[in-house]
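> Next comes the sequence, and after it the predicted model I'd like to discuss.
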Amino acid sequence: MARSPRFRRRTALVVTIVGAAAVAAAVRSRRSDKEAAIPTGGPVRHGRRAVRNARLAVLGARTGSAYAAHRARRVFADAGRRQQLDTEFEMRTAEQIADTI
């Protein structure tokens, strides 16, 4: 089913707004990290729930956009290349999650 140009514009606008909000949350999170980080000495890097939630929102936006690009690349790849792309995407995503958490 073909989507109308109006639907595509609206979708692009929503994606842009969500991306801008994620960037704003990341900037705000980074600033508040420097000002109010609570050293815990454990695996959790941040003591404030809002900071953790903002980081997870940024992670979600980042991995979501990477997934969209991954699926687009995968469409034009042959079967062997698809498996390689899937493995690379999984490793990259796991590294991003480990860095964030």
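That came in fine, so what should we check first? Residues are numbered from 1 along each chain as shown.

> residue ranges of the helices in this structure, please?
5-36, 49-75, 79-100 (DSSP state H).

> which strands and helices sit next to the shortest one?
Right, the one you point to is helix 79-100. helix 49-75 (3 or more Cβ pairs under 8 Å, 6 or more residues apart in numbering; DSSP states H and E). C-beta coordinates here come from the backbone N, C-alpha and C atoms, glycine included.

> can you give me the angle the helix it packs on makes with helix 79-100?
If you take axes from the mean of the first three to the mean of the last three Cα atoms, to 10 degrees, helix 49-75 sits at 170 degrees to helix 79-100.

> Go through helix 49-75 and flag the buried ones.
Across helix 49-75, burial judged by 16 or more other Cβ atoms under 10 Å covers 51, 52, 54, 55, 57, 58, 59, 61, 62, 63, 70.

> any chance of the residues you listed in CSV, with pLDDT too?
Shown next, in CSV, are these (pLDDT from 0 to 100):
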residue, pLDDT
51, 81
52, 80
54, 85
55, 85
57, 87
58, 88
59, 86
61, 87
62, 86
63, 86
70, 87
